[in-house]
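>>> Prediction below, plus the sequence it came from.
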Amino acid sequence: MQQTDLPLPGLYQHYKGNQYLVLATAQHTETEEYLVFYKALDGGMGFWVRPLAMFMEKVQKEEVWVQRFQLIEAKEPTF
């Protein structure tokens, strides 16, 4: 996996409309699967982790295939 294959930290919009802040990518210690760590911005849903392949995949919305998450603005997280 190359760094260019990973999502940039920043603001993303889910295909259903909610916005999320991607904070980091990580690698599972046992399986070495890449994961995306992100925070819901709708006021209370908390933090989420999703497999990279699922985060980056296309999904069908009505009759059109769209990205599950679309980058709106790249920004470095402040921890």
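Structure received. Numbering: from 1, shown residues only.
>>> list the contacts for the residue nearest to Val49 when sequence neighbours are not counted?
Using Cβ to Cβ, 6 or more residues apart in numbering and skipping the chain neighbours, the partner closest in space to Val49 is Leu35 (5.0 Å). From N, CA and C alone the C-beta is placed, and that goes for glycine too. If a contact means Cβ atoms under 8 Å, 6 or more residues apart in numbering, then Leu35 has 25-28, 49-52 as its contacts.
>>> which of the residues you listed count as buried?
25, 50, 52 (16 or more other Cβ atoms under 10 Å).
>>> any chance you could read off phi and psi for the last one?
Just to be clear, that refers to Leu52. Note on Leu52: backbone dihedrals following degrees, to the nearest 10 are phi -50, psi -40.
>>> Spell out which helix or strand contains the residue nearest to Val49, please.
Using DSSP states H and E, Leu35 maps to strand 34-40.
>>> next one: that strand to chain centre, how far?
5 Å (Cα atoms, centre = their mean, to the nearest Å).
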